[in-house]
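1. pasting the structure only:
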């Protein structure tokens, strides 16, 4: 593969002059990583989003067992030898090894299995696929008012503090046993070229105090959406005239839509189809995916309520492509600092603590495409005395098909190429299985390493005790405790919409996502096609899953950071104080580059990020007690 020339993608066109040097370094590192990935891989447009694909598999397995009338049991492992056409159970463990003297690749199975894939070149590492209204005044979250964890086995919760009215006909989801995958399907991918220029802006941050310019998606795609949007603008009089009238109309929409949504949710909860359909019809008259934040919020919640009413979740069937989701991810990072600042905090913390380590082992629960690590790799290469031996264990949920670990192996190959460029000795281990089934012995721990465990906003996808009495979340935390890491960095989505009671969950989700839509309204143009795509593919599908699904099919299960603090402490961890220097850097970057209504704060040794007083995400550092 040819070297990536610095003048191929002029970053000055994409990074604001007001960005801090730290932010420029982070953006440039990620841009080069993504560009290199797309120069090698030309089929991302035909591959589904990695995260959506594996989560859809978990839900599909449960539905399959329900249909055939069998129990969704635990996985069984036969440890038979692995070949290119079959994997054993739902577990695949492999590793990439490289050093700066000779760049070699190997696929090494777990101790019981062995397979060596010969490398015809000492310079490249590759694997070929097998087959070709939001309310403007958002309430401030009071951490002390967070509901306590339910007592294991009882599923009891205290009522909402300050809730009004009586809630009847609560719907309680039933627990189901969690197990491994038993059915396999062929994963076929066709090669279609995806222009690298589509990704040139991906994961770059612009100055947050102005709205980004609308960006076109594909030349021949989304034409219908653009026409609808233009028609909607014309109908709503978006020429800037009659602003007072529009403000009154907008306030009226908020007043009308929120009660209608709540009344509709109550009708759905009580199985009153006639009333629910009547209310949905009224909501549809005002809601729109092309309107203001309240209309967009109402549109996606109406979709979810209708799906729950009819007993189906059609939006889960259609999965967005990897390239589309990557494009949509760009607008999220442009408008919102949450992920970028969390990665900066985690990377800088690991770099400082492992400053003198000769071997660094990062265990990443939920690695996906590995976007977090290029900047850390670059930092390690500049370390005084030379870089350490870097070992990354990438843990993900299994993907559908005959190669459950195939997509994670691609992540390992990309990181290996990146380490080669910066002359960092590198080893990558793959674990593609349900996290609660991972055994300590599978991780091949070495006590001579500095061990950093990272989990960035992914623990919400692991079932809790309201689904299974033997809580998988606690099982994963106990595994991390047994690993005995030098540092455990835990990022969480701060949400209270995980109640087993539907109406309470609906109300909390409505408030949470109203802040998300309001955030986009303040930072992005309504005409921005990337915004439309992200709202549909991410916000819309999250809302659909939270509202329309129950049991193991509902995989969006966030908790508050106070609840996670209780879980982590109970699992045997002690919380570490935040590095004030890093915290100051994060605050400065958010202040200089993003909208003024984004907040960065500290509470109980948690770094908090939010919008207009509502805490959306939190991150903290832990060590075994």
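-> Structure's in. What do you need? Just so you know, these numbers come straight off a predicted model, no measurement behind them. Numbering: from 1, shown residues only.
2. Please report the distance of the nearest residue to residue 381 once chain neighbours are set aside from residue 393.
-> Among residues not flanking residue 381 along the chain, residue 422 sits closest, at 3.7 Å (CB to CB, 6 or more residues apart in numbering). All C-beta atoms are positioned from the backbone trio N, CA, C, and that covers glycine. Counting by CB to CB, to the nearest Å, the gap from residue 422 to residue 393 is 20 Å.
3. Ok, residue 463 next?
-> Relative to residue 393, and taking CB to CB, residue 463 is found at 22 Å.
4. With neighbour numbers in mind, choose between those two.
-> residue 393 (26 against 23; other CB atoms under 10 Å).
5. which SS class is the more buried one?
-> Per DSSP: H, G, I helix; E, B strand; the rest coil, the local secondary structure of residue 393 is strand.
6. residues contacting it?
-> For residue 393, the contact set (CB atoms under 8 Å, 6 or more residues apart in numbering) comprises 361, 362, 363, 364, 428, 429, 430, 431, 443.
7. Let me know the closest of those to residue 296.
-> Distance to residue 296 across these (CB to CB) is lowest for residue 364, with 33.1 Å.
8. one step back: just list the residues touching the residue nearest to residue 381, thanks.
-> So residue 422 contacts 377, 378, 380, 381, 387 (CB under 8 Å, 6+ apart).
9. Excluding sequence neighbours, find me the nearest residue to residue 480.
-> Leaving aside its chain neighbours, residue 480 sits nearest to residue 453 (5.3 Å; criterion: CB to CB, 6+ apart).
10. Make sure that neighbour is actually in contact with residue 487.
-> Yes: the pair residue 453 / residue 487 is scored as a contact, 7.3 Å apart, by CB atoms under 8 Å.
11. What residues of stretch 589-597 count as buried?
-> Neighbour counts over stretch 589-597 (16 or more other CB atoms under 10 Å) mark 589, 590, 593, 594, 595 as buried.
12. Check which helices and strands the helix or strand that contains the second one is in contact with.
-> When secondary structure is defined using DSSP states H and E, the element that contains residue 590 is helix 580-593. Packing partners of helix 580-593 (3 or more CB pairs under 8 Å, 6 or more residues apart in numbering; DSSP states H and E): helix 21-40, helix 338-353, strand 598-603, strand 606-611.
13. Listing partners with orientation, what would you give for the last one?
-> Each strand pairing with strand 606-611, determined using DSSP bridges, is listed with its direction: strand 598-603 (antiparallel), strand 614-624 (antiparallel).
14. Outside of that strand itself, list whatever touches it.
-> Outside strand 606-611, the residues that touch it by CB under 8 Å, 6+ apart are 138, 141, 337-338, 341-342, 345, 494, 515-516, 518-519, 561, 565, 578, 583, 586, 590, 597-602, 615-620.
15. one more time with 7 Å
-> Strand 606-611 is contacted by residues 337-338, 341, 345, 515, 519, 561, 578, 583, 586, 597-602, 615-620 when judged by CB atoms under 7 Å, 6 or more residues apart in numbering.
16. ok, now the third one?
-> Contacts to strand 598-603, defined as CB under 7 Å, 6+ apart, come from residues 143, 337, 578, 583, 586, 587, 590, 608, 609, 610, 611.
17. Helix, strand, or coil at the residue nearest to residue 480?
-> Here residue 453 is recorded as strand under three-state DSSP.
18. Bridged to it, which residues?
-> Beta-bridge pairing of residue 453 under DSSP bridges involves residue 363, residue 488.
19. Was I right to think it contacts residue 485?
-> Yes: in this structure, residue 453 is within contact of residue 485 by CB atoms under 7 Å, at 4.4 Å.
20. tell me the strands in the stretch 351-500 of the chain, going along the chain?
-> 359-365, 389-396, 426-432, 450-456, 487-493 (DSSP state E, counting those that start in this stretch).
21. ok, residue 440 touching residue 481?
-> No: using CB under 7 Å, residue 440 makes no contact with residue 481, being 10.2 Å away.
22. And these two? Which one has more around it.
-> residue 481 (19 against 12).
23. For the more buried one, which residues are in contact?
-> Residue 481 sits next to 571, 572, 573, 624 when contact means CB under 7 Å, 6+ apart.
24. who's in contact with the spatially closest residue to it that is not a sequence neighbour?
-> Among residues not flanking residue 481 along the chain, residue 572 sits closest, at 4.5 Å (CB to CB, 6+ apart). Residue 572 is in contact with 481, 624, 625, counting by CB under 7 Å, 6+ apart.
25. cool, and residue 415?
-> Neighbour list for residue 415: 370, 373, 392, 426, 428 [criterion: CB under 7 Å, 6+ apart].
26. Now render those as CSV, adding distance to residue 268.
-> Shown next, in CSV, are those (distance: CB to CB, whole Å):
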residue, distance to residue 268
370, 40
373, 43
392, 45
426, 51
428, 46
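27. where's the dip in pLDDT among those residues?
-> Among those, residue 370 carries the weakest pLDDT, at 91.
28. For it, give its distance to residue 344.
-> For residue 370, the distance to residue 344 equals 16 Å [CB to CB].
29. do residue 488 as well
-> For residue 488, the distance to residue 344 - CB to CB - is 18 Å.
30. now residue 396
-> 23 Å.
31. hmm, back to that, comparing residue 453 and residue 487, which shows the higher neighbour count?
-> Neighbours were counted for residue 453 and for residue 487 using other CB under 10 Å; residue 453 has more, 23 against 20.
32. need the contact list for the more buried one.
-> Each residue near residue 453 by CB under 7 Å, 6+ apart is listed here: 363, 480, 483, 485, 488.
33. Counting neighbours, which of the residues you listed comes out on top?
-> Of all the contacts of residue 453, residue 488 has the most neighbours under the rule other CB under 10 Å, reaching 27 neighbours.
34. my read: that one touches residue 622, true?
-> Yes: counting by CB under 7 Å, residue 488 touches residue 622, with 4.2 Å between them.
35. Quick check: neighbours shared by the two?
-> Both residue 488 and residue 622 are contacted by residue 573, under the criterion CB under 7 Å, 6+ apart.
36. and residue 397, what pLDDT?
-> In this model, residue 397 is scored at 91, pLDDT.
37. swap in residue 474?
-> Residue 474 carries a pLDDT score of 97 in this model.
38. With the one 3 residues further on instead?
-> The model reports residue 477 with a pLDDT of 98.
39. now do residue 332
-> pLDDT for residue 332: 85.
40. Assign a three-state SS to it, would you?
-> Residue 332 ends up helix, using three-state DSSP.
41. got a list of contacts for stretch 559-569?
-> Contacts of stretch 559-569 (CB under 7 Å, 6+ apart): 143, 146, 149, 473-474, 477, 490, 492, 494, 496, 498, 575, 604, 606, 618, 622.
42. With respect to residue 523, which of those residues is nearest?
-> Residue 523 lies nearest to residue 494 out of the contacts of stretch 559-569, by CB to CB, at 19.7 Å.
43. close enough to count as contact, the closest one and residue 616?
-> Yes: assessed by CB under 7 Å, residue 494 is found in contact with residue 616 at 5.9 Å.
44. Look at the two and report which has more neighbours.
-> Legend: neighbour count by other CB under 10 Å for residue 494 and residue 616, higher for residue 494 (24 against 20).
45. All set now, cheers.
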